[in-house]
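A.B. asks: Provided below for reference: sequence and predicted model.
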Amino acid sequence: MDKQSLLNDVVKLYRLCGKPNFMEGTSVNCEISLNEEVNLLINAIYKQNGDVFGSFKCDGEYIDFTEQKLTIGQNLTFKLNIPVIGHKLFFNDVDDLITKYTGVKKGILPDSFYLIEEDYLTTETNEPEKLV
């Protein structure tokens, strides 16, 4: 599994869902209307790590989306569990990253991470000043 690819896809889906608030820092409840981009992201994420999705509703009904075909335009509600691959990938902000990722104290940043408040993903160029 490619950690960066999974993180990129989860962040894209999180952003498309309007960046909902985290519950205890490990998951978010998402609500979105299914379009082609969302459908592709859900399938790509599931193929990489099926545990990323918790409860899943389609038009208000609980479903197993792996067994039921989704249709463009349906309203989806699901729990998005933030993946942990070797280390935490989502951090609240730069201070949270510094506190919770021990390598930072040695001058080492994780290869892949997302900062929620700064809306910064490591593959992007808008690096927060505190990281420079």
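C.D. replies: Sure thing, it's come through. Numbering: from 1, shown residues only.
A.B. asks: show me the helices in the chain, by range?
C.D. replies: Using DSSP state H, the helices of the chain run over 3-16, 36-48, 94-100.
A.B. asks: can you list the buried residues in the last one?
C.D. replies: Neighbour-count burial for helix 94-100, counted by 16 or more other CB atoms under 10 Å, picks out 94, 96-97. (C-beta placed from N, C-alpha, C; glycine too.)
A.B. asks: just the residues you listed now: which is nearest D119?
C.D. replies: Proximity of the buried residues of helix 94-100 to D119, judged by CB to CB, is greatest for V94, which lies at 12.4 Å.
A.B. asks: could you check how far the residue in the chain sticking out farthest from the centre is from R15?
C.D. replies: For the chain, the C-alpha farthest from the mean C-alpha position belongs to K106; by CA atoms, centre = their mean, that distance is 26.8 Å. As judged by CB to CB, to the nearest Å, K106 and R15 stand 31 Å apart.
A.B. asks: can you put the buried residues of helix 94-100 in CSV and add distance to D111?
C.D. replies: As requested, the buried residues of helix 94-100 are exported to CSV (distance: CB to CB, whole Å):
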residue, distance to D111
V94, 17
D96, 17
L97, 13
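A.B. asks: let me see the domain layout of the chain.
C.D. replies: Residue ranges for the domains of the chain, per automatic domain parsing: 3-85, 87-122.
A.B. asks: what are the buried residues along the last one?
C.D. replies: By that I understand domain 87-122. So domain 87-122, judged by 16+ other CB under 10 Å, has buried residues 88-91, 94, 96-97, 101, 110, 112-116, 118, 120-122.
A.B. asks: on that earlier part again, CSV for the domains of the chain, including mean pLDDT?
C.D. replies: As requested, those are exported to CSV (pLDDT from 0 to 100):
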stretch, mean pLDDT
domain 3-85, 91
domain 87-122, 87
